[in-house]
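1. Whatever this is, show me its structure:
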Amino acid sequence: MDKQVDVVVAGGGGFIGGHLVGALLAQGLTVRSIDIKPRHEWYQLHDAAENVIADLSLLENARAGVEGARQVYMLAADMGGMGFIENNKAACMMSVLISTHMLKAAHEAGVERYFYSSSACVYAAGKQTDPNVTALREEDAYPAQAEDGYGWEKLFSERMCRHFAEDYGFTTRVARYHNVYGPHGTWEGGREKAPAAVCRKVAQAVLSGDHRIEIWGDGLQTRSFMYIDDCLHGTQMIMKGDSGVPVNLGSSELVTINQLVDIVERIAGIRCERSYRLDAPQGVRGRNSDNTLIREIYGWEPSVSLADGLEKTYAWVYDQVKRSHQ
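-> Numbering: from 1, shown residues only. Below is the predicted model of the structure:
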C-alpha cells in the first residue's frame, strides 16, 4: 500500500465501520477500509474505497495499513453484545494487540489525527448496580473497575492514546460509545446487541405467528441506545475537535429492556408473550450516558429518539429475517 489516502478505517467491514466508510466517501475523501473478515462477511462493501483484508493485530500489517494516511479511525476489535463479551473475555483482551500496533504504526507513519473508539464498558461496575441509574460521567471510569475483559482492554488502550499524546505530541481522540444500533449491524449469531436481538425476535414472531419471545434477564435492566447516524456525526466531530480527553458518545434517553420491547412491538403492530431467562448474560443493572461534557465542548449531543431509530432498524432486520426464512 504505497499510495496516499485521506482516511484509514480499521474495522471497516464491521457495523459502525461500514457506515463510517460510506459517510467519508460521500464527503469526497479517499478511504482505505481494513478488516480481518473475508469480503463476503463485511457488513457493507463500498467499491469506491480501497478494501483490504488484513489482521491488524500484527505490527507489519498495521504499518502497511496506515501507510500514506492522514487520519486513522481505529474501530477494529473482536467484540459483540453481552452474550459474546461475557463468554469471550480472553478474546476481547487480545484486541489490545490491534489497539497497540495501530497506535504505534500510526504515530511512526506521521498520521495527523488518530481516533480510538472506546466503550461505556470502561465504567466502574460499582456505579452501575441499580437500574435507577445516575448517568455516567467521564470521571466515573476511575478508580478503575471496568467490565471484565472487554472493558479493561478499552480502558488500557484509552490510556495508551493519552500517553502517546503526552509523550510524543501525537494527536489522539477518544469517544466512549454507548450501545450503538441501526441497520446493517449484527442481528443473529450470538454477537448481536439488545436492539437488533429484540427486533429479530419480534420479526420472527410476526412471520411465524408464534407470539412468544424470550427476554434475557428480568427486563428491568436499563440502558441507553444511540442510533448510528448520531454515532457517525459525533465520531467525526470528536475527530476534528480540539479536545483529547475521552468523551461519552451516547444517548441520554434511558429505557428498560421491557420498554425497548414495548417500542418494537408497537412498530411491528403485535403484542408478545414474554418469558424471562434469568440465567442469561445481562451485564450491569443500569447504564446511561451523562452528556454534560460533550455539550460543553461541542455544543451537541445525540438526539435521534429511540422510537425513530428503532423504526428504521426494525424495518431492516425484518427484511433480513424474512429473507433467511425463504
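2. Surely V72 forms part of a helix?
-> No: the assignment for V72, made by DSSP: H, G, I helix; E, B strand; the rest coil, is strand rather than a helix.
3. What is the neighbour count of it?
-> For V72, the neighbour count with other C-beta atoms under 10 Å is 29. Placement of C-beta: from N, CA and C, glycine included.
4. From Y150, how far out is it?
-> Distance of V72 to Y150, computed by C-beta to C-beta, to the nearest Å: 21 Å.
5. again with I85
-> For I85, the distance to Y150 - C-beta to C-beta - is 4 Å.
6. do S305 as well
-> For S305 relative to Y150 (C-beta to C-beta), the value is 28 Å.
7. These two - which one has more neighbours?
-> Y150 (26 against 13).
8. doesn't A120 make contact with the more buried one?
-> No: Y150 is beyond contact range of A120, at 10.7 Å (criterion: C-beta atoms under 8 Å).
9. now Y168, nearest residue through space, not along the chain?
-> Closest residue to Y168 apart from its sequence neighbours, by C-beta to C-beta, 6 or more residues apart in numbering: H107 at 6.0 Å.
10. Surely the one you found forms part of a helix?
-> Yes: using three-state DSSP, the secondary structure at H107 is a helix.
11. What about it, how many residues nearby?
-> 20.
12. C161 is in contact with that one, correct?
-> No: using C-beta under 8 Å, H107 makes no contact with C161, being 10.2 Å away.
13. chain center to whichever helix or strand F156 is part of, what's the gap?
-> Here F156 sits within helix 150-168, counting by DSSP states H and E. Remark: helix 150-168 is offset 18 Å from the chain centroid, using C-alpha atoms, centre = their mean, to the nearest Å.
14. can you check stretch 59-70 too?
-> The answer for stretch 59-70 is 23 Å, by C-alpha atoms, centre = their mean.
15. Contacts for that stretch, please.
-> Contacting residues not belonging to stretch 59-70 are listed as 1-8, 10, 32, 34, 52, 54-56, 72, 98, 101-102, 104-106, 108-109, 111-113 [C-beta atoms under 8 Å, 6 or more residues apart in numbering].
16. for the record, mean pLDDT for stretch 131-143?
-> For stretch 131-143, the mean pLDDT works out to 93.
17. Next, the buried residues of it.
-> P131, V133, A135, L136, E138, D140, A141 (16 or more other C-beta atoms under 10 Å).
18. picking up where we left off before, identify the contacts common to H107 and C161.
-> Joint contacts of H107 and C161 (C-beta under 8 Å, 6+ apart) are Y114.
19. Around the residue lying closest to G126 once chain neighbours are set aside, count how many other residues there are.
-> Among residues not flanking G126 along the chain, Q145 sits closest, at 5.8 Å (C-beta to C-beta, 6+ apart). Per other C-beta under 10 Å, the neighbour tally for Q145 reads 18.
20. helix, strand or coil for Q145?
-> Here Q145 is recorded as coil under three-state DSSP.
21. if I pick it, what's in contact with it?
-> Here Q145 is in contact with A124, A125, G126 (C-beta under 8 Å, 6+ apart).
22. if you set the cut-off to 10 Å instead, what comes out?
-> V122, Y123, A124, A125, G126, K127, Q128, G151, W152, L155 (C-beta atoms under 10 Å, 6 or more residues apart in numbering).
23. what about burial for the residues you listed, which qualify?
-> V122, Y123, A124, K127, Q128, G151, W152, L155.
24. quick one, what contacts the closest residue to the second one other than its chain neighbours?
-> Counting by C-beta to C-beta, 6+ apart, L136 is the residue found nearest to Y123 once chain neighbours are left out, at 4.9 Å. Applying C-beta under 10 Å, 6+ apart to L136 gives the contacts 120, 122-124, 127-128, 176, 178, 224, 248, 250, 286-290.
25. For S119, see how far away L136 is.
-> 11 Å.
26. any residues in contact with both of these two?
-> R176, H178, G250.
27. Dump those residues to CSV, plus pLDDT, neighbour count and distance to G189.
-> Below are these laid out as CSV (pLDDT from 0 to 100; neighbours: other C-beta atoms under 10 Å; distance: C-beta to C-beta, whole Å):
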residue, pLDDT, neighbour count, distance to G189
R176, 98, 25, 26
H178, 96, 26, 23
G250, 98, 31, 24
